[in-house]
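Peer 1: The sequence and its predicted three-dimensional model are supplied below.
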Number of protein chains: 4
Amino acid sequence: MSHKKRNDSLRRTYGFDEISLSPSGKTIDPLLCDTKVKFGEYNLETPIIASAMDSVVSPQSSAEMSKQGVLAVLNLQGLWARYKDAEARLEEIANAPNEKFVSLMQKFYSEEVKIELIGSRLEQMRELGCKTIAVSSVPQEVKNIEPIIAESGADFLFVQSTVTSTQHIGKEEGLNLAKLCESTKLKVIAGNCSSYKVALDLMETGVSAILVGIGPGAACTSRGVLGVGVPMATAIMDCADARNDFREKTGKEVSIIADGGIVVSGDICKAIACGADAVMIGSPLARADESPGKGFHWGMATPSPVLPRGTRIKVGTFGSYQQIIHGPATMDNGFHNMIGALKTSMGTLGAMNLKEMQNVDVIVAPSILTEGKVYQQAQKLGMGAR
Amino acid sequence: MSHKKRNDSLRRTYGFDEISLSPSGKTIDPLLCDTKVKFGEYNLETPIIASAMDSVVSPQSSAEMSKQGVLAVLNLQGLWARYKDAEARLEEIANAPNEKFVSLMQKFYSEEVKIELIGSRLEQMRELGCKTIAVSSVPQEVKNIEPIIAESGADFLFVQSTVTSTQHIGKEEGLNLAKLCESTKLKVIAGNCSSYKVALDLMETGVSAILVGIGPGAACTSRGVLGVGVPMATAIMDCADARNDFREKTGKEVSIIADGGIVVSGDICKAIACGADAVMIGSPLARADESPGKGFHWGMATPSPVLPRGTRIKVGTFGSYQQIIHGPATMDNGFHNMIGALKTSMGTLGAMNLKEMQNVDVIVAPSILTEGKVYQQAQKLGMGAR
Amino acid sequence: MSHKKRNDSLRRTYGFDEISLSPSGKTIDPLLCDTKVKFGEYNLETPIIASAMDSVVSPQSSAEMSKQGVLAVLNLQGLWARYKDAEARLEEIANAPNEKFVSLMQKFYSEEVKIELIGSRLEQMRELGCKTIAVSSVPQEVKNIEPIIAESGADFLFVQSTVTSTQHIGKEEGLNLAKLCESTKLKVIAGNCSSYKVALDLMETGVSAILVGIGPGAACTSRGVLGVGVPMATAIMDCADARNDFREKTGKEVSIIADGGIVVSGDICKAIACGADAVMIGSPLARADESPGKGFHWGMATPSPVLPRGTRIKVGTFGSYQQIIHGPATMDNGFHNMIGALKTSMGTLGAMNLKEMQNVDVIVAPSILTEGKVYQQAQKLGMGAR
Amino acid sequence: MSHKKRNDSLRRTYGFDEISLSPSGKTIDPLLCDTKVKFGEYNLETPIIASAMDSVVSPQSSAEMSKQGVLAVLNLQGLWARYKDAEARLEEIANAPNEKFVSLMQKFYSEEVKIELIGSRLEQMRELGCKTIAVSSVPQEVKNIEPIIAESGADFLFVQSTVTSTQHIGKEEGLNLAKLCESTKLKVIAGNCSSYKVALDLMETGVSAILVGIGPGAACTSRGVLGVGVPMATAIMDCADARNDFREKTGKEVSIIADGGIVVSGDICKAIACGADAVMIGSPLARADESPGKGFHWGMATPSPVLPRGTRIKVGTFGSYQQIIHGPATMDNGFHNMIGALKTSMGTLGAMNLKEMQNVDVIVAPSILTEGKVYQQAQKLGMGAR
């Protein structure tokens, strides 16, 4: 039969754990490597953006991360927009036993979002010293809250849903991103997406940046619940292909933000090597002593009243924002000094700046659990001969 | 040597854990997504069919699942057709220690099937409120029991064996499926099969649907015992290719039921995305509070007197049929609200109905246990630096 | 650079765990399937040969396995050729603690082989009722012991070393297999080999069968110690390719015996489906109640005085030879009723005899430890939600 | 779209655990196999070089390994060049609890290197009986210490950094390797590198040998921290391709030293089969009773004050240098008798010397953790049926 089988034409995709970066013929002193990134007229000191998750960003932590050059995004669908005393709720979540966690989350997040609270949170962030103000919301709420955000003088509006598209079919008319970009003075960043085509579609709406990553986050169970998810290395490479083509065609620069699946500093290096301009990270910052999650981390799809799709992870606390972002490190596992690690990786790979880092050599090198690795592991645990 | 080696032309096949679904450029409000499925003149409310296994379907549970839109198939080779007090046997199985389990099963299933008991079970199902009545048997018993089943006014007859074919060689003449389909007023569904060719052969006999899946079930040890088994994603894609070709050639619609290897709601989404019209699930329903298995699940090849080929799994109980099938979910791992998860997956992927869901983008994305995953897992358990 | 890199032309090979057997359009009643195998003029009742290992074959167990249709090979380099009271040594090995095991083995196997003991062992086997007498030795000892073996009226002489070739370079002239085959009245079986070329070379010497398998055995650590090993499915397929070509060229039939890596009954099915005529198994028979290893199993490279290369495995005892070979099974994991499993596999795959079984469809279907599997496993252990 | 996606052209690379060596048609008595290796005018008795790590090489252990034919490299950036009483520091490191280890290392290695101490260490090595003297340093320190090393009559200078290149960009002018090679009477060995291009570049500077291996070591966390690392089998094959091309072009022989990721004797065999002339090993020698690490092993990037990138492994002690290098072995897992294992592997593969060993057949044969392996493992642990 000359019949072409669907099974035989499936595409192979790759996650961070399946790739590695391979040095070229050039090396650079890490101190000379530049990790600044340009988002339109904004210059960010580091390519690190803190995820719009209640376990990661509060008004207070936002200001603290700002001092480290990290752009923190406050979730305006989160507890801080629902409760005056959000702090107390965070405390309760941290103390809830595992079996009560999902229903507690469902209860807390059923409280409605309050416009006036949003206004005061933005003011609070400014007062606490945030240099650049970034907030996020879901597409269906943007119309209601955009005026108060813009009025407050905020800079970035992240319009974020698990999976975004420019062709949404719903009972009510969806958000028109192109119109929003045209009418607002806020810089709009939209996502998440994972494919070349959707990335291009979003770029054409006039957004400043797109969020890339569907299903890979540490606190995300989309793949098990929905069967949906695209491994990060492939998603970033495909969307970066789109950015490059869009730039070539239009001369405009739209940034790619890799969002999800970043656990250690090496993953940041890989994300940028795959073509990202910046990374949005949750769990690595949730591990900070100052983190609002108090040693816990959970996804923002968790509190869904009918289909919770995240989980709460006990991440522990392993040092200050300073240590985690700029070091010096006292841990050797990629938890500390993420920018130092990025610079060392860049130096090692001969990349003077992030644009050069986007073109280093990426190889397929699965770090799967082989027998040899298990053996090694056993040795690490001090186990002797079989 | 120009010799073509057999090793170098083996075909790569894929299981559910090796694929993922990738969003397209369209999204839909899940509330608009339609999960109904048409089996000939029958319209099923959901694409979920409960496996013909004693740990999953009893007359009572059949009626309860019917209320949730699930078509439950009573196994007429099971305890309910052998014992008047089947309930007591189920109780004993649930309480048996592991080492006694296989021999206990062999004893229980050596009791003969009783025609009169079959009649009363069918009546019982009707009385309990089953809207559509579905039963199953093995090919060699169909001749004996078809009359009483048809007479009772049942709807579907599943003719099911581990591996089926249309060319069976045995000492006695085998079941002629084509004749059965022609002569009975029951809708016949046959299987299991896994290849394009056998799927086509079965479709030509006049069956309403075929069961696809050999060897992948949670309670099945065929692969270890017989070396036989075809990964589900490949099996479904190949048989769906056959259905499409058969439809094109004959204009007739035969349904594909994916049977086996479905553990969480994401697997249902994947099965349909690979081309299935419906799924037959065992362990996910055996986890219901009302399940006849009382927290246990076992395969129907287990009690074979000479070659037991299933195992008993302690699956636990995690909620009602309502919660498992339609939610709302209080668990975030794909155990609850399977139809809600399917609709959300469809919305995410831009599929308005199950036919559209059969054409979404499937990618190869192994979710293997990498070092990174183990690390993440360690973090989840609250473990610190190495 | 147009330079062709060596890395990019490496060949992919497969082990039993990476393949599976896929049903065709035909099924057969297992009772009609024939598992007899022809070795030259010898007709073996089953394709199972017991490994020439002290933990598997003693004169007594050889006779018992003979009754089950299994050809057991007594190792004439083993304890039975070194000690009159071999039984006492086996007892000591079974009772030795792990840390003393290697040095105990080195001591026991440093005792010399005694020609007269060989004679009496062969006589003993005959008296105990072995129908066909098979023994093994290493190439360098064959010259010394062939006369007494031939004289005793034995049938098969296995000339076995870890890796065999027809071009051995040593200080002394090596064994000339072609001369041996010509001069002896014993049927000569030689190995082990793993490649098309060596298989062909060996066939041309006039041997009756070749042993295929380097490095995959349960009690073998060749891969870790020497870096050497060829996955079984590939090795068998390549050597079966050679057998088919040799048959076509010469009209002669040389048998392929798959030796190593067979743990459960499904592996026997896979070995034959890859092209083997018979299988040589160790650990599955070492699990018998009557096994000389008394619940332990060890490789014959273990006692090497300078480079021990096997390990002792506690395999436990799980039933009689009768249960393990012909059933009925009371275990569902491929430990019991290996011939029943083979027949059921053959029926399932539509193979009437072993020759037909050699041509069934083999697919690449890795049974790797995926997250889903681990999840399932956790369920089996009765673990609940995360 | 005819657009060529970056994802689809990534190169597949291989680690030691993913390859295996396949026998050819020739075998040789291991006693005839020659494991000597020529480095320019130097003839090394074995291809084993001890890593320049404080847990592996001290002046004392260097002399002891010298007696076994192993070239041990003393790290002149290590404790022996910083402290008169280095022994006491090693004792403290061995006794430090896990959580204090990184900061203790950072403290110890912040003490400055002392030129006069280097002189006395070299003298000490000579007095203790080292036949060939080899030391290592980082590129930036070479200028300062080369005179005293050369003056002492040492033989080899290893210029080693995690990733080396011939085009280093730094604030100060970097080390000019070509000038160093021309001006010094020491044999220069440089690295580490992993690609064809860098290997060629380094060879053209006039070094005697290059070190190949980035990121795979047992005590190295570069891959997690930096995202950087090249699997060893690929790195060695690529650099060996470069050596062969360089030899063909210039007639000069530069040696390839595989450095990192070698855990058991089989890995040494694989490294040479991939094309290495020699191997540099750390953890296998750190397991010696006489090892300065006293049962511990750590990477030399560990004490970095800002970005520690190694870890301390408890490797235990499992025998003398004699047993580990030349046997006889009393362990069966590749820890003992590495040269005996190499010779046996060579004999098995038909390689008379190391040059022939570089051309044996390498296959892709992942030794991943499959279900079957886990099952086997469970059997080894004496576990019964499920």
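Peer 2: Perfect, thanks for sending it. Numbers count the residues shown, from 1 in each chain, chains lettered A, B, ... in the order given.
Peer 1: The closest residue to chain D within the stretch 51-200 of chain A and residue A:104, how far apart?
Peer 2: Closest residue of the stretch 51-200 of chain A to chain D, Cβ to the nearest Cβ: residue A:196 (7.4 Å). For glycine as for every other residue, the C-beta is placed from the backbone atoms N, C-alpha and C. As judged by Cβ to Cβ, to the nearest Å, residue A:196 and residue A:104 stand 40 Å apart.
Peer 1: Between these two, point out the one with more neighbours.
Peer 2: Between residue A:196 and residue A:104, counting by other Cβ atoms under 10 Å in any protein chain shown, residue A:196 is the more crowded of the two (22 against 17).
Peer 1: wait, the more buried one sits on residue D:5?
Peer 2: Yes - Residue A:196 lies in contact with residue D:5 (Cβ atoms under 8 Å); the separation is 7.4 Å.
Peer 1: Let me see the contact set for residue A:275.
Peer 2: Contact analysis of residue A:275 by Cβ atoms under 8 Å, 6 or more residues apart in numbering or on different chains lists A:236-237, A:239-241, A:243-244, A:256, A:358, D:6.
Peer 1: Which of these fall in helices?
Peer 2: A:236-237, A:239-241, A:243-244 (DSSP state H).
Peer 1: any chance you could map the helices in the stretch 251-386 of chain A?
Peer 2: Along the stretch 251-386 of chain A, the stretches classed as helices by DSSP state H, counting those that start in this stretch are A:265-273, A:283-286, A:321-325, A:338-349, A:354-357, A:371-380.
Peer 1: Grab the nearest non-local neighbour of residue A:23.
Peer 2: If the residues on either side of it in the chain are set aside, residue A:23 comes closest to residue D:163, at 4.8 Å by Cβ to Cβ, 6 or more residues apart in numbering or on different chains.
Peer 1: Can you give me the neighbour number for the one you found?
Peer 2: Neighbour count for residue D:163, taken as other Cβ under 10 Å: 26.
Peer 1: Can you give me the pLDDT of it?
Peer 2: Note for residue D:163: predicted pLDDT of 84.
Peer 1: from the ones in helices among the contacts of residue A:275, which is closest to chain D?
Peer 2: For these, the closest approach to chain D (Cβ to the nearest Cβ) belongs to residue A:237, at 4.5 Å.
Peer 1: The closest one: what's it in contact with?
Peer 2: Per Cβ under 8 Å, 6+ apart, neighbours of residue A:237: A:274-275, A:362, D:5-7.
Peer 1: at 6 Å instead, please
Peer 2: Neighbour list for residue A:237: A:274-275, D:6-7 [criterion: Cβ atoms under 6 Å, 6 or more residues apart in numbering or on different chains].
Peer 1: Among those residues, which one has the most neighbours?
Peer 2: residue A:274 (29 neighbours).
Peer 1: and that residue, what is it in contact with?
Peer 2: Residue A:274 is in contact with A:233, A:236-237, counting by Cβ under 6 Å, 6+ apart.
Peer 1: same deal with residue A:92?
Peer 2: Listed by Cβ under 6 Å, 6+ apart, the contact set of residue A:92 is empty.
Peer 1: try it again with 7 Å
Peer 2: Residue A:92 makes contacts with residue A:104, as judged by Cβ atoms under 7 Å, 6 or more residues apart in numbering or on different chains.
Peer 1: Let me know the secondary structure of it.
Peer 2: Following DSSP: H, G, I helix; E, B strand; the rest coil, we place residue A:92 in the helix state.
Peer 1: Could you measure from it over to chain B?
Peer 2: Distance of residue A:92 to chain B, computed by Cβ to the nearest Cβ, to the nearest Å: 17 Å.
Peer 1: returning to what we had before: common neighbours of residue A:196 and residue D:5, please.
Peer 2: A:238, A:241.
Peer 1: Can you tell me which of the contacts of residue A:275 is nearest chain B?
Peer 2: residue A:239 (12.3 Å).
Peer 1: Report the contact partners of that closest one.
Peer 2: Counting by Cβ under 7 Å, 6+ apart, residue A:239 has contacts A:193, A:196, A:199, A:210, A:212, A:256.
Peer 1: cool, residue A:21 as well?
Peer 2: By Cβ under 7 Å, 6+ apart, residue A:21 lies in contact with A:269-270, A:273, A:345, A:349, A:360-362, D:227-228.
Peer 1: let's see it at 10 Å
Peer 2: By Cβ atoms under 10 Å, 6 or more residues apart in numbering or on different chains, the residues touching residue A:21 are A:266, A:269-270, A:272-274, A:345-346, A:348-349, A:351, A:357, A:360-363, A:365, D:214-215, D:222-223, D:226-230.
Peer 1: That one belongs to a strand, doesn't it?
Peer 2: Yes - assessed with three-state DSSP, residue A:21 lies in a strand.
Peer 1: what about it, distance to residue C:81?
Peer 2: Residue A:21 sits 58 Å away from residue C:81, going by Cβ to Cβ.
Peer 1: residue in the stretch 201-350 of chain A nearest to chain B?
Peer 2: residue A:227 (3.5 Å).
Peer 1: Tell me how far that residue lies from residue B:45.
Peer 2: The span separating residue A:227 from residue B:45 equals 21 Å under the rule Cβ to Cβ.
Peer 1: Among these two, which residue is more densely surrounded?
Peer 2: residue A:227 (30 against 17).
Peer 1: Helix or strand for residue A:135, just tell me which one.
Peer 2: Using DSSP states H and E, residue A:135 sits in strand A:134-137.
Peer 1: Does that strand reach chain B?
Peer 2: No - Strand A:134-137 lies out of reach of chain B by Cβ under 10 Å from any Cβ of the partner chain, never closer than 16.8 Å.
Peer 1: That strand pairs with which strands, parallel or anti?
Peer 2: Sheet pairing of strand A:134-137 (DSSP bridges) gives strand A:71-75 (parallel), strand A:156-160 (parallel).
Peer 1: Could you export that strand as CSV, CA atoms only?
Peer 2: The C-alpha trace of strand A:134-137 is given here as CSV (Å, rounded to 0.1, in the frame of the first residue of the first chain):
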residue,chain,number,x,y,z
ALA,A,134,4.4,45.4,35.1
VAL,A,135,1.1,43.7,35.8
SER,A,136,-0.9,40.8,34.2
SER,A,137,-4.4,39.8,33.6
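Peer 1: what angle sits between the helix or strand just after that strand and strand A:156-160?
Peer 2: Going down the chain from strand A:134-137, the next helix or strand is helix A:139-151, by DSSP H and E. Angle, helix A:139-151 to strand A:156-160, by axes from the mean of the first three to the mean of the last three Cα atoms, to 10 degrees: 170 degrees.
Peer 1: And helix A:139-151, what does it pack against?
Peer 2: If you count contacts as 3 or more Cβ pairs under 10 Å, 6 or more residues apart in numbering or on different chains; DSSP states H and E, helix A:139-151 packs onto helix A:115-128, strand A:134-137, strand A:156-160, helix A:177-183, strand A:187-193.
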